[in-house]
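Participant: Sequence first, then the predicted structure, then my questions.
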Amino acid sequence: MMRLGATIGFLCAFSCTFAADAGPKKDLKQAFLDARQPAWSIKGERQEFKVSVSPAGRTLGMIPRVGGALGTGVDYLVNEHYREEIRKAMGDYDLAGFVHSYLAKRLDAFAPQGLRKVTPLISTAGYSNERDAERARLEGLRASGVDLLLDLKVKYGIYGPHFAMRFDVEGKLLDLAKRRRLWLGSIPVVPEPFRADAKFEHFLLKHVAYVHTPRLVADQEAMKRLTENDAALLKADFENAVEGGISAALCDMGLLDEPLGHYFLGRQAFQKKRYAKAQEQFVRAINLDPTLRDAQNDLSVTYARLGAADKAMELAAKILSEKPDYAPAAFNLAWWNAFDKRSAAEARRYYDLALSEGTLPSKKLEHRLKKLETKK
């Protein structure tokens, strides 16, 4: 009875919701070194992207009690059309294989004794619920000699009418020998640099940063850029997102200390509106790699969210002085000049530059500029 109670407590701990402030981290590097048989599993690998780019349902969703079924049907047809285009452009590129091989390569560095790859929980057949199935799985692994287990789950897709990439990695590290959870995390990776108008809670675009007025049609130019040349850009975006997400997870565990991981941990904190934590992570990333332009940009936006607009503008101006075609910094300077400094001329100059370098327009900024220019 005592053993059963301990096991249930052990598993209950794993089923709890992730808390951002779960207490001090253990020395997980040492845990890997001390483990006799560490293991890992990965769930959610797919051979194609989830595609949710149709704006029909989102647009109809703005109108109460109108056309829910129609919006769902249109979304399905549009998404299936683009999914097929993306599938053809990707050819025989192995999405799941890249995730698996990259993760295995990174993990091998932490366990000189070798990690065993084990099967994640896939089915609950024969059990009354998922909790019972997971209990049996963990006890079986423990009986087979596995004493440290990293369970990961990944998701990846293309969202919104501008075809924004997203890669999610979440998981837990379990000390099976002592029945303890050592780490629990969930990291979203949206590669596009932050803009001053970024939002993440908007109901229309829950998957990606909401930075523009909803469109009624998908962005054909964005689709063309992603799929041309055998989807070279899409493949590169995917690989960068995978590398960033896995690096962030390993940095969050304390296994790594590298700029890319801290950068995406900063973005995770920013999306949760934990701006002081975001600043800390971006500064760490920049200290490790002073050339990491996107981290500098996102740090400038973080300064603005912390109420330090002058500091934000100073950093954005520095970015532009070093890279004059960096559109996010130009847009951000336009925004802050318009809303903080009320300088129409400067705001217009930077906004025109940002648009010329391909940034998405902003209705709110355009309306503000029109008001400022009218007053003159």
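Facilitator: Yep, that arrived. Numbering: from 1, shown residues only.
Participant: in the stretch 151-300 of the chain, which spans are strands?
Facilitator: 164-175, 180-189 (DSSP state E, counting those that start in this stretch).
Participant: quick one: the longest one to chain centroid distance?
Facilitator: This means strand 164-175. 9 Å (CA atoms, centre = their mean, to the nearest Å).
Participant: Report the inter-axis angle for it versus strand 180-189.
Facilitator: 170 degrees (axes from the mean of the first three to the mean of the last three CA atoms, to 10 degrees).
Participant: one step back: which of the strands of the stretch 151-300 of the chain is buried the deepest?
Facilitator: By mean neighbour count, with neighbours taken as mean count of other CB atoms under 10 Å, strand 164-175 ranks first of those at a mean of 22. Heads up, the C-betas are built off the backbone N, CA and C, glycines and all.
Participant: partners of it, with directions?
Facilitator: strand 148-159 (antiparallel), strand 180-189 (antiparallel) (DSSP bridges).
Participant: Including distance to residue 297 and mean pLDDT, could these go into TSV?
Facilitator: Listed next are these as TSV, based on distance: least, CB to CB, whole Å; pLDDT from 0 to 100:
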stretch	distance to residue 297	mean pLDDT
strand 148-159	21	95
strand 180-189	16	94
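Participant: Dump those into JSON lines; add distance to residue 113 as well.
Facilitator: Below are the strands paired with strand 164-175 laid out as JSON lines (distance: least, CB to CB, whole Å):
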{"stretch": "strand 148-159", "distance to residue 113": "11"}
{"stretch": "strand 180-189", "distance to residue 113": "18"}
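Participant: Which among these is found nearest to residue 371?
Facilitator: strand 148-159 (32.2 Å; CB to CB).
Participant: Just the C-alpha atoms of the closest one, please, in PDB.
Facilitator: The C-alpha coordinates for strand 148-159 follow below in PDB (Å, rounded to 0.1, in the frame of the first residue of the first chain):
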ATOM      1  CA  LEU A 148      16.100   9.200 -15.900                       C
ATOM      2  CA  LEU A 149      13.500  10.000 -18.600                       C
ATOM      3  CA  LEU A 150      13.100  13.000 -20.800                       C
ATOM      4  CA  ASP A 151       9.600  13.000 -22.400                       C
ATOM      5  CA  LEU A 152       9.100  15.600 -25.100                       C
ATOM      6  CA  LYS A 153       6.200  16.500 -27.400                       C
ATOM      7  CA  VAL A 154       6.500  18.700 -30.400                       C
ATOM      8  CA  LYS A 155       4.000  20.400 -32.700                       C
ATOM      9  CA  TYR A 156       4.600  22.500 -35.800                       C
ATOM     10  CA  GLY A 157       2.400  24.300 -38.200                       C
ATOM     11  CA  ILE A 158       1.800  27.300 -40.500                       C
ATOM     12  CA  TYR A 159      -0.800  29.800 -39.200                       C
END
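Participant: tell me how far it is from the chain's mean position?
Facilitator: Offset of strand 148-159 from its chain centre (CA atoms, centre = their mean): 11 Å.
Participant: Break the protein into its domains for me.
Facilitator: Using automatic domain parsing, the domains assigned to the chain come out as 24-192+214-242, 316-376.
Participant: where does the stretch 1-150 of the chain dip in pLDDT?
Facilitator: Within the stretch 1-150 of the chain, the stretches with pLDDT under 70 are 1-26, 55-74.
Participant: Which residues does the residue nearest the centre of the chain form beta bridges with?
Facilitator: In the chain, the residue lying closest to the centroid (CA atoms, centre = their mean) is residue 189, at 1.5 Å. Counting by DSSP bridges, residue 189 is bridged to residue 167.
Participant: I'd like the distance from it to residue 147, if you could.
Facilitator: Residue 189 sits 30 Å away from residue 147, going by CB to CB, to the nearest Å.
Participant: hmm, back to that, I figured the residue nearest to the centre of the chain hits residue 265, correct?
Facilitator: No - if you go by CB atoms under 8 Å, residue 189 and residue 265 don't touch, sitting 10.5 Å apart.
Participant: shared neighbours of the two, anything?
Facilitator: Taking CB atoms under 8 Å, 6 or more residues apart in numbering as the criterion, residue 189 and residue 265 both touch residue 248.
Participant: how about the nearest residue to residue 36 once chain neighbours are set aside, what does it touch?
Facilitator: Closest residue to residue 36 apart from its sequence neighbours, by CB to CB, 6 or more residues apart in numbering: residue 147 at 5.6 Å. Neighbour list for residue 147: 35-38, 175-177 [criterion: CB under 8 Å, 6+ apart].
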